[in-house]
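**Q** next come a sequence and a model predicted from it.
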2 protein chains.
Amino acid sequence: MNNHLEAGYTRWALLLEFDGTGFVGWQRQENNPSIQGCLEEAGAAFFGGQSVMSATSGRTDAGVHASAMVVQLDVPDMRAVSAHQLRDGLNFHLKPHLIGVRMARPAPTDWHARFSAIGRRYRYTILNRAARPILDAHHVWHVKHPLNVDAMQEASRFLIGRHDFSSFRAASCQASGPIRTLDEMTISRSGDHVVLEVQARSFLHHQVRNFAGSLALVGRGKWSATHLRDVLDARDRSQAGPTAPPEGLCLIRVDYPEKLFESA
Amino acid sequence: MNNHLEAGYTRWALLLEFDGTGFVGWQRQENNPSIQGCLEEAGAAFFGGQSVMSATSGRTDAGVHASAMVVQLDVPDMRAVSAHQLRDGLNFHLKPHLIGVRMARPAPTDWHARFSAIGRRYRYTILNRAARPILDAHHVWHVKHPLNVDAMQEASRFLIGRHDFSSFRAASCQASGPIRTLDEMTISRSGDHVVLEVQARSFLHHQVRNFAGSLALVGRGKWSATHLRDVLDARDRSQAGPTAPPEGLCLIRVDYPEKLFESA
């Protein structure tokens, strides 16, 4: 993942939607289905077997979804294409995978999907009822015990702002440090669904899923709202709750200084 | 489907959610997977092999979904169960099918899921963009051409009220007549989704899907809004648009004189 554009290649920005079920996540792996692998194979098929190179605004884990991931795709100049041709051609070759290019546009000069991004927004959805998920199977975390959303909202306020988020950081996190600024967190109930939305410039590995896992303990009444503040202050992953499962998580927006896509 | 409760049986009301993909619809068929067949098999398994009998508020076609279908289930008195036990026991035996009992309660006296119902509400969802459905695959009708929702709303007003809906009635419809009263129709856009919601005491076979198919022609500009009024007035199925596909349709509410379930 670097910003070097090879000679004879043109960089495109893509708005990508995918269902992460059954994938090992964004990043290409030998012998395992990845979003990146499928996208680059579709690109190579569209460009007559020539390599295309991709990078993402942020990697996603196995089972995590995206409605609006932004990726860059460096494609060979050998074939001139319009934005619609590239979108439709990639989508043709992406079948039958549940990966789709919603929009494509030429990348701005000196633009990189990851390093140019100034904001990410994720949604974490909990299905809060006795019966297991049906219409939203594989797209929600199923929590049977009733959740008190007011308590979760109260606790979430302690997480807003600039903090050392070591308590919510995966051991595998490759970021240089644990300090992040959480710009926004909203928690709301709509029928049986409890929906968390978070916005930040960037997130630590598993940060959103670790938020969800701890906030669910508050919602179940196992923790007080103020206990979450103590957990944050402890800067100790072992003090926090479990990591919520990946299927509830969806990347829903990536922001850049220049707005890239009309509807994203 | 009759209202007779056999001696030694107790009637329950169930709030059912299912993903209609891969099913032949509600009604039991020999050798083909149906919602009714799966539900009755789960009931028989839960009640030690004794038969249970079900009837629905309204049959659904192959591929049509429900978030809140109401069904009656007549179960043998041999085993006393609570509402939670019945819900959880049925859900256990319904696995791995995408059918779930959201709630169960003893049926009111002289209550029948179909004949006691005084209102049905359906949602029809269109994904209106170039790229095929990904996160909502099998749950939307994919329409690539941009739809003008204002024009669709204007046309929909002609359908509200009591009419002869022969133009929107399937040849296979078994209702005694084509007159129905459409109480409400709303059409709204949310991003790439165009959502129709309709409410009536009852509907003709394919009525909602035929509405959607014709309204999409208005949305695409192939028909004027007033042409839809002419189609309605013609009372002739051949004058109307095609039947929209089943996967966009979802039964979202059934009303009874007495409210049966908290969240339905």
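**A** Thanks, I have the structure now.
**Q** thought residue A:201 was touching residue A:183, still the case?
**A** Yes: using Cβ atoms under 8 Å, residue A:183 makes contact with residue A:201 at a distance of 7.5 Å. For every residue, glycine as well, the C-beta is placed using N, CA and C.
**Q** residue A:90: what secondary structure?
**A** Following DSSP: H, G, I helix; E, B strand; the rest coil, we place residue A:90 in the helix state.
**Q** residues touching it, list them.
**A** Residues near residue A:90 by Cβ atoms under 8 Å, 6 or more residues apart in numbering or on different chains: A:14, A:39, A:42-43, A:46, A:101, A:104.
**Q** ok so, going back, now the common contact residues for residue A:183 and residue A:201.
**A** Common neighbours of residue A:183 and residue A:201 (Cβ under 8 Å, 6+ apart) are residue A:119.
**Q** generate a ChimeraX selection restricted to the buried subset of the contacts of residue A:90.
**A** Remark: buried members of the contacts of residue A:90, expressed as a ChimeraX selection using 16 or more other Cβ atoms under 10 Å in any protein chain shown:
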select /A:14,39,42,43,46,101,104
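**Q** put the alpha carbons of the helix or strand containing residue A:68 into CSV.
**A** Under the criterion of DSSP states H and E, residue A:68 resides in strand A:65-76. Extracted C-alpha coordinates of strand A:65-76, given in CSV (Å, rounded to 0.1, in the frame of the first residue of the first chain):
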residue,chain,number,x,y,z
HIS,A,65,-19.4,-5.2,5.5
ALA,A,66,-19.2,-1.9,3.6
SER,A,67,-21.9,0.2,1.9
ALA,A,68,-19.4,2.9,0.9
MET,A,69,-15.7,1.9,1.1
VAL,A,70,-13.5,4.1,-1.1
VAL,A,71,-10.7,2.4,-2.9
GLN,A,72,-8.1,3.4,-5.4
LEU,A,73,-7.6,1.3,-8.5
ASP,A,74,-4.5,1.8,-10.7
VAL,A,75,-5.4,0.5,-14.2
PRO,A,76,-3.3,0.3,-17.4
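**Q** can you list the helices and strands that that strand packs against?
**A** Packing partners of strand A:65-76 (3 or more Cβ pairs under 8 Å, 6 or more residues apart in numbering or on different chains; DSSP states H and E): strand A:9-18, helix A:35-46, strand A:53-56, strand A:249-255.
**Q** quickly run through the sheet partners of that strand, with directions.
**A** strand A:9-18 (antiparallel), strand A:53-56 (antiparallel), strand A:249-255 (parallel) (DSSP bridges).
**Q** so what pairs up with the most centrally placed residue in chain A in the strands?
**A** Nearest residue to the geometric centre of chain A (Cα atoms, centre = their mean): residue A:251, 3.4 Å. Beta bridges link residue A:251 to residue A:66, residue A:122, judged by DSSP bridges.
**Q** what's near enough to touch it?
**A** So residue A:251 contacts A:58, A:60, A:64-69, A:120-122 (Cβ under 8 Å, 6+ apart).
**Q** distance of it from residue A:208?
**A** Distance of residue A:251 to residue A:208, given as Cβ to Cβ, to the nearest Å: 9 Å.
**Q** so what sits against both of the two?
**A** residue A:122.
**Q** return the residues of chain A in contact with chain B.
**A** Taking Cβ under 8 Å from any Cβ of the partner chain as the criterion, the neighbours of chain B within chain A are A:17-19, A:65, A:67, A:84, A:87-88, A:91, A:95, A:98-102, A:129-135, A:137, A:139, A:191-192, A:250, A:263.
**Q** next, residue A:146: secondary structure please.
**A** Quick answer, by three-state DSSP: residue A:146 is coil.
**Q** burial count for it?
**A** As a burial measure, residue A:146 scores 12 neighbours (other Cβ atoms under 10 Å in any protein chain shown).
**Q** not counting its neighbours along the chain, what's nearest it?
**A** residue A:128 (6.7 Å; Cβ to Cβ, 6 or more residues apart in numbering or on different chains).
**Q** ok, residue A:244 next?
**A** Per Cβ to Cβ, 6+ apart, closest to residue A:244 is residue A:212, 3.7 Å.
**Q** am I right that that neighbour falls within a strand?
**A** No: under three-state DSSP, residue A:212 falls outside any strand and is assigned helix.
**Q** that one touches residue A:126, doesn't it?
**A** Yes: shown here, residue A:212 and residue A:126 form a contact pair, counting by Cβ under 8 Å, at 7.2 Å.
**Q** so between the two, which is more surrounded?
**A** With neighbours defined as other Cβ under 10 Å, residue A:212 and residue A:126 compare such that residue A:212 has more, 30 against 25.
**Q** for the closest residue to residue A:214 other than its chain neighbours, give its distance to residue A:168.
**A** Distances taken as Cβ to Cβ, 6+ apart place residue A:241 nearest to residue A:214, at 3.7 Å, with adjacent residues excluded. Shown here: residue A:241 relative to residue A:168, a distance of 9 Å by Cβ to Cβ.
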